[in-house]
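Chemist: Sequence first, predicted model second:
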Amino acid sequence: MKLLTFLASSAQAAVLWDGRFNDLSSAKDLNTWSWSNQVGPYQYYIHGSGSVDKYINLSPDYKNPNDTVSKQGAKFTLDSTAFWNGQTMRRTELIPQTKSAIASGKVYYHFSMMRSDKNAPSVNREHQICFFESHFTEMKYGWISGESGTSNPNLQWMTSQKSQWKTEWKPGVWHNIAYEIDFSANKVGFWHSEGGDPLKQVVAPVSASTSSNGADWHLGVLELPRSGYSDSVEDIYFSGVYIENGSITTTIGGPAK
């Protein structure tokens, strides 16, 4: 009986890293982090030349209202200054600051995302969202390079540039997402729901080159340039961001801290 109890408890969910913005009083707290002072839940260095509030802002109004664990959410903005290190692509991204084993065994990367009609991301340009450096798994939105036509209204889950799931990204709809990543077995699955519904596995694990050093998951958005389509201000909202192992938490917002 003791052995069975231990096995059951060991399979329970455990938060490895908490990025739910609960410990930040404002986005200015992100500036506390630097390469010489690696504190707080996030690394903040992939952004444009302006002040932090040009690219990231926090508010209770920016979270999924069905998430009772998160105190606030974040609005990530791309504007005319959102170019990093002289690149031609616009970027606003955060990276987990943690020494936890978020890139080994089987783990779940959770986040919720939403867009509004105001400052809507362009359907005519490719947006890479919540991606790893090798892009073995990520969300994408808008027209993707090589597609026919000029626009694409779908939010898509991709593995190694291949679409595995898609839905039209309508304004005001919160999409709750978890990447099920088995770094040992080189497989990735996809969990999803809308609004306050519990997560369900909508794509069973597929093979992928699950390469990560534990410091290359990008929460945020990278937008590729496209000839003939000018830059406009675009906003994407995120909340309920955390990483866990064990069994997956399907309630929105995750376990209490």
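Modeler: Arrived safely.
Chemist: hey, let's count contacts and neighbours off CA atoms from now on
Modeler: OK.
Chemist: all strands of the stretch 1-150 of the chain, in order?
Modeler: 14-18, 42-46, 56-59, 73-78, 90-96, 106-114, 127-132, 138-141 (DSSP state E, counting those that start in this stretch).
Chemist: ok, and what's touching the fifth one?
Modeler: Contacts with strand 90-96, where a contact means CA atoms under 8 Å, 6 or more residues apart in numbering, come from 17, 19, 41-48, 55-56, 76-79, 82-84, 215-225.
Chemist: Run me through the strand neighbours of the longest strand belonging to the chain, direction for each.
Modeler: Determined from DSSP state E, the single longest strand within the chain is strand 234-245. When pairing is defined by DSSP bridges, strand 234-245 lines up against strand 14-18 (antiparallel), strand 73-78 (antiparallel), strand 106-114 (antiparallel).
Chemist: Determine which of those strands approaches residue 27 most closely.
Modeler: Closest of the strands paired with strand 234-245 to residue 27 is strand 73-78, at 8.5 Å (criterion: CA to CA).
Chemist: Off-centre distance for that closest one?
Modeler: Computed by CA atoms, centre = their mean, to the nearest Å, the chain-centroid distance of strand 73-78 equals 11 Å.
Chemist: Likewise for stretch 137-151?
Modeler: For stretch 137-151, the distance to the chain centre is 18 Å (CA atoms, centre = their mean).
Chemist: Now it: buried residues?
Modeler: 137-144, 151 (16 or more other CA atoms under 10 Å).
Chemist: can you tell me how far residue 200 sits from residue 251?
Modeler: 10 Å (CA to CA, to the nearest Å).
Chemist: now residue 93
Modeler: 25 Å.
Chemist: Comparing these two, which residue is more hemmed in?
Modeler: Neighbour count, other CA atoms under 10 Å: between residue 93 and residue 251, residue 93 has more, with 23 against 16.
Chemist: Bridge partners for the more buried one, pull those for me.
Modeler: Here residue 93, judged by DSSP bridges, has bridge partners residue 46, residue 220.
Chemist: quick revisit: out of the buried residues of stretch 137-151, what pair is the most spread apart?
Modeler: Greatest spatial distance among these (CA to CA): 137 and 151, at 22.1 Å.
Chemist: Can you name the residues that contact the spatially most central residue of the chain?
Modeler: Nearest to the mean C-alpha position of the chain, by CA atoms, centre = their mean, lies residue 130 at 3.6 Å. Residues in contact with residue 130 (CA under 8 Å, 6+ apart) are 138-139, 217-221.
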